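**Student:** show me how the following folds:
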Amino acid sequence: MINTHLLSESLKQTMAVLGITPSELADALGTSDRTLARWLADETYPQHEARRKLAELEQLIHRLQDSFATPEAVAEWLHAESGYFGGLRPLDALTRGRIDAVDAALESILSGIFV
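**Tutor:** Down below sits the predicted model:
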């Protein structure tokens, strides 16, 4: 779970690793840009569903980092069109809050199933 004292740093690192904008991160977490800005300023802390989604996203990031050699490779995969998502990018699923679908797509690749 994210340490409350390091929330803003953790969120910034998440955006850097995934190669996403604050707005895209807010979408992935199902929150508003304004709420995310408050988290980045350490003014408030995520509650309930957002906290669960952050933990889910952290797990996905660890799997991505373990699966790809560089942060650039992680960002490239997230931003590339994918047959798994019918030509959409994994990032598109992520910004719709479908962290689970991105994780499933990664699992398919790791299992040797390429769509």
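
**Student:** which strands or helices does the longest helix along the chain pack on?
**Tutor:** In the chain, taking DSSP state H as the definition, the longest helix is helix 48-67. Applying 3 or more C-beta pairs under 8 Å, 6 or more residues apart in numbering; DSSP states H and E, one finds that helix 48-67 contacts helix 7-18, helix 22-29, helix 71-79, helix 99-110. No exception for glycine: its C-beta is placed from N, CA and C like everyone else's.

**Student:** which parts of it are buried?
**Tutor:** 50, 53-54, 56-57, 60-61, 64 (16 or more other C-beta atoms under 10 Å).

**Student:** so where's the protein uncertain?
**Tutor:** Applying pLDDT under 70 to the chain picks out residues 1-5, 114-115.

**Student:** just give me the residue closest to the centre of it.
**Tutor:** residue 57 (4.9 Å; C-alpha atoms, centre = their mean).

**Student:** ok, it - contacts?
**Tutor:** Residue 57 is in contact with 14, 28-29, 99, counting by C-beta atoms under 8 Å, 6 or more residues apart in numbering.

**Student:** and if we set it to 7 Å?
**Tutor:** By C-beta atoms under 7 Å, 6 or more residues apart in numbering, the residues touching residue 57 are 14, 28, 99.

**Student:** most neighbours among these, please name it.
**Tutor:** residue 28 (26 neighbours; other C-beta atoms under 10 Å).

**Student:** so that residue sits against residue 94, correct?
**Tutor:** Yes - with contact defined as C-beta atoms under 7 Å, residue 28 reaches residue 94; the gap is 4.9 Å.
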